Structures are given as C-alpha cells and as structure tokens.
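Student: model the structure of this input:
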Amino acid sequence: MKTDDLINALAADAKSVEPPIARTVAIAVGIGALISALFFLWVLGVRDNFAESMVSSLRFVFKFVLTLSLAIPAYVLVRGLSRPDFEPGKKLWWLALAPALLLIAILLELVSVPADQWHARMIGQNSMACLIVIPLLSLAPLAAVLYALHQGGPANPAIAGAVGGLLSAGIAATLYASHCPDDSPLFLAAWYTIGTVLMTAIGALVGSRFLRW
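Tutor: Got it, this is the predicted structure:
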C-alpha cells in the first residue's frame, strides 16, 4: 500500500480514532508531568518566597507566562500531530508566541536596567543548574509524549518529535521557574532557551526514528 493510501485509510476512521488518541496524549502528558513534578518537589521544591513573588514581582510571574506560552501551544500541536492526517501548516506559528513575548521582555529589561547590570543579570546565580535541571525534568514528559505519538502514527515523525521536545521543555521550565531565583528575561533568554533547544533537537532526533512507520 502506498503511503498516501495508508494515510487516507487511517484518516477515514477518524471518528473512532480521534478520541482514544486524544485521551492517550492527555494521559501521557499528565503522567510525564506528574513524574517530573514529584521528582522536582523531592529534590528541589519551590523557592521560599514563592507566594510573595507571585504578588510582588512581575519578572517572576512573567517566567510562567513565558513557559506556559510555550507548553500550551506545543500540547495542542502534539495532539494534532499524533494523527496521520494532520497538517500543521500555519499552526506552527503558534510556537512563535513564546519567542515574541521573550523578545518584548528583553527589550523592556534593557530599557529599565542600567547597561552595567546586563551581563550580571544574564549570567545569574544558577546558570549551570538551569542547564542541568530543565533537560533532566524534561525526560519523563518527553518519553511519555513520544509513546503517545507512537500510538497515533504521525505523518511527520521529526516534526512531531521536535514539538514533543518543546512540550517537555515547557513543562520542565515551568517547574524549574518556581524554584529558580533568577527572574530576569536576560537569564531566561540565555539559559532556558538552551535547555529548550536541546530538548527540541533530542525530540526531533528520537522522533525521526522511533515514530517512523
């Protein structure tokens, strides 16, 4: 059977396939996120002034706006990419929301902070921890997402894997943001971005092989 015919045959059964696949993705993401959250709480936990910072610090709140603006669109796309008949097309532009918000925040930071403080804010206090913890917390969600995607048979394995990597990094970054004392957008741009790019690359690489059919 030709690939196009196989895709059409699978798509023809959409009514019976979509609900189980959507549930599989949701359950897998939930389990992966829960495992990471439990590990995070056991090893690190939220920072001591979490509640106070949520009320008094716009930079701290922005970290969650940023990470969720990455994780939520990625989750929606992963659900679609789990189906062989899904064409992402312009929907991939949803993933530009987080970089756009980060760029705006960086510009505001550069305007509001003296230039001699830019480097210190970018380096922060926990750059190495950030590089380690975000990929580490991403592993369980990524494995769960790849498993769910494998059940649905995505037509674009590398893209599906890459978006799965983005989703896992978004979940991990959201968790780590509640612990990390570095709130500057300059720090986020330097170190959170590295972890996110790394997991995206790993997701694409593994997905291109594991999700192939």
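Student: if we ignore the residues flanking it in sequence, what's nearest Arg121?
Tutor: Ser184 (4.0 Å; CB to CB, 6 or more residues apart in numbering). From N, CA and C alone the C-beta is placed, and that goes for glycine too.
Student: same thing with Val113?
Tutor: Nearest non-adjacent residue to Val113, counting by CB to CB, 6+ apart: Arg121, 6.5 Å away.
Student: which residues touch the one you found?
Tutor: Arg121 makes contacts with 109, 113, 182, 184, 186-187, as judged by CB atoms under 8 Å, 6 or more residues apart in numbering.
Student: just the buried residues out of those residues, in PyMOL syntax.
Tutor: Selection of the buried residues among those in PyMOL, burial being defined by 16 or more other CB atoms under 10 Å:
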select buried, resi 109+182+184+186+187
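Student: now the helices for this protein?
Tutor: Ranges of helices within the chain are 3-12, 14-43, 50-56, 58-81, 97-112, 118-123, 127-152, 157-177, 185-187, 193-210, based on DSSP state H.
Student: for the fourth one, packing partners?
Tutor: Contacting helix 58-81 under the criterion 3 or more CB pairs under 8 Å, 6 or more residues apart in numbering; DSSP states H and E are the following elements: helix 14-43, helix 50-56, helix 97-112, helix 127-152, helix 157-177.
Student: buried residues in the third one?
Tutor: Residues of helix 97-112 classed as buried: 98, 101-102, 105-106, 109 (neighbour count, 16+ other CB under 10 Å).
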